[in-house]
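Engineer: Model the structure of this input:
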Amino acid sequence: MAGLGKKVLIVYAHQEPKSFNGSLKDVAVAELGRQGCSITVSDLYAMDFEPRATRNDITGTLSNPETFSYGVEVYEAYKKAALSSDIVQEQKKVQEADLVIFQFPLYWFSVPAILKGWMDRVLCQGFAFDLPGFYDDGFLKGKSAILSLTTGGTAEMYSKTGVSGDFRYFLWPLQHGALHFCGFKVLAPQISFAPEFASEEERRGMVASWAERLKTIWKEEPIDCRPPWYFGQ
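Structural biologist: Just a heads-up that it's a prediction; the model follows:
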């Protein structure tokens, strides 16, 4: 089996276990488990994950207690092993993973706040990147990442001629500005368009499509994560 011995982290951001996003998360756990993968799920709402980046993320003494700069202080705290335990736990999960799946509903062309907070706090300088040490040289290079998301709008709305524009446009800050910046090999997104307005048969088809794709996920090549993929020539 292609996935035998592989480690997968699913970062899941939905409030309702019985939601369509929950079904997509569950089928990923089932299919990857059948392949012999070791799977960890960070269920952010169930964990009551703290999305706010604050002084509480640093357990040691601040390098500049007079003027607080989150990025500077977290960078220094990472080097001193002085980050809060919830950040350290999530970083350990990322470090061990061969593949990270982000499962979430699209909120305002982006991720839910709780997932944005996970990115803000977990993918910090020193752990996920440095200067230099980003994009192709990001510290998470060698790992793959994929966005599996649902939308409220239809596929037609997220086309180049649609009212919302091509779906690739909103992927630029998420895939390129965050994941690729940290060195991930970015796989093509799995987008389930407007499940809320789809028939039961159509929803089952979306879940089945995700399950089928996961059977060969380890053979996939990453996208060419440069502007032409997102915005055309």
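Engineer: can I assume residue 217 is in contact with residue 99?
Structural biologist: Yes: taking contacts as Cβ atoms under 8 Å, residue 217 lies within contact range of residue 99: 7.1 Å. Bear in mind the C-beta positions are built from the backbone N, C-alpha and C, glycine included.
Engineer: Now do the shared contacts for those two.
Structural biologist: Common neighbours of residue 217 and residue 99, counting by Cβ atoms under 8 Å, 6 or more residues apart in numbering, are residue 146.
Engineer: contacting residues for residue 94?
Structural biologist: Contacts of residue 94 by Cβ under 8 Å, 6+ apart are 9, 100, 122, 123, 128, 140, 143.
Engineer: where's it relative to residue 157, distance?
Structural biologist: Distance, residue 94 to residue 157, using Cβ to Cβ, to the nearest Å: 33 Å.
Engineer: quick one: the helices in the protein?
Structural biologist: Here the chain has its helices, by DSSP state H, at 20-34, 44-47, 70-79, 85-96, 113-122, 167-171, 200-214, 227-231.
Engineer: Identify the residues contacting the last one?
Structural biologist: Helix 227-231 is touched from outside by 168, 169, 171, 172, 176, 223, with contacts defined as Cβ under 8 Å, 6+ apart.
Engineer: same deal with the third one?
Structural biologist: Judged by Cβ under 8 Å, 6+ apart, the contacts made with helix 70-79 from elsewhere in the structure are 53-55, 57-60, 62-64, 82-83, 121, 124-127.
Engineer: now the second one
Structural biologist: Under the contact criterion Cβ under 8 Å, 6+ apart, helix 44-47 has outside partners 11, 12, 13, 14, 15, 114, 115, 118.
Engineer: Flag every buried residue along that helix.
Structural biologist: Neighbour counts using 16 or more other Cβ atoms under 10 Å place residue 44 of helix 44-47 among the buried residues.
Engineer: Next, the distance between the ends of stretch 131-144.
Structural biologist: Length of stretch 131-144, first residue to last, Cα to Cα, to the nearest Å: 21 Å.
Engineer: Contact partners for the residue sitting nearest the centre point of the chain?
Structural biologist: Among the residues of the chain, the one closest to the centroid is residue 102, at 3.5 Å (Cα atoms, centre = their mean). Residue 102 makes contact with 11, 13, 111, 115, 145, 146, 147, 148, 149 under the criterion Cβ under 8 Å, 6+ apart.
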